[in-house]
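J.: Need a 3D model of the following:
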Amino acid sequence: SMKKMLPEDKYWPVNDVWGLHDFCIHSAQGASGFMNAVNRYGKASDLQDFCKKAQMVNMENHKAMFESFVGAQSNGMLMWMSQSAWPSTVWQTYDYYLEQTAGYYGCKKAVEPLHSLWDSQLDKVKVANNTRQGYKNLIAEVRIYNMDGTLMLRDSVRLDSGSDTVTDCMSIVYPKKLSPVHFIKLELNDANGNLLSDNFYWRSNKPGDYKALNTLSKAKLNVTSQLVNRTDHGDKKVIKATIKNVGPSVAFAVHVQAVRSSDGERILPALMNDNYFTLLKGESKDIEIEFDSELLPDDNYRLSVIPYNK
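T.: Numbers count the residues shown, from 1 in each chain. Predicted coordinates:
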């Protein structure tokens, strides 16, 4: 999307043409603050590196906004603009070209009806039940992994979750010898072991410093997919894909994008069940990408599957 809105000779470094698309360093848009947030992941070296790190900021802050009011049972929250009216760098969960940002998936995760979350201010695991249904005998689990995938902590508790409640599950006591950045994985299961909610965070021993993520070993993924027709609510096509981490390292923030083989353009608009997800060693994720059939008349596509540590 950035390459569509910028002339090639203005890709990098940040310049006044970026400002025409609202990335104004010294103005009401406050892009200097956003750039500082990006630099927490290491100073960006080019446009691609900037976008990769900017999406991590998007995921982090959008999910935190919604989880803060969900976890505190606030009366609500207003987010100014979900989509920009022209090619812009601000105020969007999906952009002018109808591509969802990582922030979209952060919001989507945070507002799931039954939701397991980490309260980073109190270092507690909570379960937010925003449904009219009560749940009995749930199992909430927290696991902490080092950057090399080593399991450092595992704890769980049984709980009941009443309708329209937030339940404190457990406090997190961090073990010693954690890597500079480490991962917090939450799962919420019913008594039969069925997964009801999962969540994933990255945390630094030095708050706000995520540069160590750039030292992650290269991820190795196996991707399989098929195209199917769906006619139950309109003339749709769906790409069903399975992405598996077959390497020894963590596959961090995997981004999946469907592309037409005929012209190399992204298949947009499309709805996906998840994106920018992380896979630990041996884990896999089933992805569905749904779009209007007319967007892919010849059925020929390819999948771009790129982890942060590619």
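J.: so what's Val57 up against?
T.: Phe34, Ala37, Val38, Arg40, Tyr41 (C-beta atoms under 8 Å, 6 or more residues apart in numbering). From N, CA and C alone the C-beta is placed, and that goes for glycine too.
J.: and it, what element?
T.: Using DSSP states H and E, Val57 sits within helix 47-71.
J.: Touching the helix or strand following that helix from outside, list them.
T.: Counting by DSSP H and E, the next helix or strand C-terminal to helix 47-71 is helix 102-110. Applying C-beta under 8 Å, 6+ apart, the contact partners of helix 102-110 are 55-56, 58-67, 70, 92-94, 115, 117, 199, 253, 255, 274-277.
J.: how does it look with 7 Å?
T.: 55-56, 58-59, 62-63, 66-67, 70, 93-94, 199, 274-276 (C-beta atoms under 7 Å, 6 or more residues apart in numbering).
J.: swap in stretch 8-25?
T.: Stretch 8-25 is contacted from outside by 3, 5-7, 29, 31-32, 46-47, 87-90, using C-beta under 7 Å, 6+ apart.
J.: Then stretch 285-300?
T.: Residues outside stretch 285-300 that contact it (C-beta under 7 Å, 6+ apart) are 227, 230, 235-243, 256, 258, 260-262, 267, 269-274, 277, 279.
J.: and if you look at stretch 84-96?
T.: 1, 4-5, 18, 21-23, 29, 80-83, 100-101, 103-104, 107.
J.: Span of it from start to end?
T.: 6 Å (C-alpha to C-alpha, to the nearest Å).
J.: one step back: buried only: go through the contacts of helix 102-110 for me.
T.: The neighbour-count test (16 or more other C-beta atoms under 10 Å) applied to these identifies 55-56, 58-59, 62-63, 66-67, 70, 93-94, 199, 275-276 as buried.
J.: Please tabulate these in a markdown table, including the columns distance to Tyr145.
T.: What follows is the buried ones among the contacts of helix 102-110, written out as a markdown table (distance: C-beta to C-beta, whole Å):
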| residue | distance to Tyr145 |
| --- | --- |
| Gln55 | 21 |
| Met56 | 17 |
| Asn58 | 23 |
| Met59 | 18 |
| His62 | 23 |
| Lys63 | 19 |
| Phe66 | 24 |
| Glu67 | 20 |
| Val70 | 25 |
| Thr93 | 28 |
| Tyr94 | 31 |
| Asn199 | 14 |
| Asn275 | 21 |
| Tyr276 | 18 |
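J.: Just give me the closest of those to Tyr308.
T.: Comparing the buried ones among the contacts of helix 102-110 against Tyr308 with C-beta to C-beta picks out Met56 as the nearest, at 7.3 Å.
J.: dump the residue contacts of the closest one.
T.: Here Met56 is in contact with Tyr41, Ala102, Ala253 (C-beta under 7 Å, 6+ apart).
J.: pLDDT score assigned to it?
T.: On the pLDDT scale, Met56 is placed at 98.
J.: any idea which of the contacts of helix 102-110 is the one closest to Glu283?
T.: Glu283 has its nearest neighbour among these in Asp274, at 12.7 Å by C-beta to C-beta.
J.: does the closest one count as helix, strand or coil?
T.: Here Asp274 is recorded as coil under DSSP: H, G, I helix; E, B strand; the rest coil.
J.: Please tell me how far it sits from Met59.
T.: Separation of Asp274 from Met59 (C-beta to C-beta, to the nearest Å): 12 Å.
J.: ok, now Ala191?
T.: Ala191 sits 32 Å away from Met59, going by C-beta to C-beta.
J.: now Asp263
T.: Counting by C-beta to C-beta, the gap from Asp263 to Met59 is 29 Å.
J.: ok, now His26?
T.: Taking C-beta to C-beta as the measure, His26 falls 26 Å from Met59.
J.: can you check Arg154 too?
T.: 25 Å.
J.: Over to Asp299?
T.: 32 Å.
J.: And for Ser1?
T.: For Ser1 relative to Met59 (C-beta to C-beta), the value is 16 Å.
J.: Tell me which stretches of the protein form strands.
T.: Taking DSSP state E as the criterion, the chain carries its strands at 114-119, 124-129, 135-145, 151-161, 165-171, 181-189, 195-204, 221-230, 236-245, 251-260, 271-272, 277-279, 284-292, 301-306.
J.: Could you name the helices and strands sitting against the fourth one?
T.: Just to be clear, that refers to strand 151-161. strand 124-129, strand 135-145, strand 165-171 (3 or more C-beta pairs under 7 Å, 6 or more residues apart in numbering; DSSP states H and E).
J.: what angle sits between that strand and strand 114-119?
T.: 130 degrees (axes from the mean of the first three to the mean of the last three C-alpha atoms, to 10 degrees).
J.: now the angle from strand 151-161 to strand 165-171?
T.: Using the same axes, to 10 degrees: strand 151-161 against strand 165-171 is 150 degrees.
J.: What sits closest to the spatially most central residue of the chain if chain neighbours are left out?
T.: Central residue of the chain (C-alpha atoms, centre = their mean): Tyr276, 4.1 Å from the mean position. Of all residues not flanking Tyr276 in the chain, Ala102 sits nearest, at 4.4 Å (C-beta to C-beta, 6 or more residues apart in numbering).
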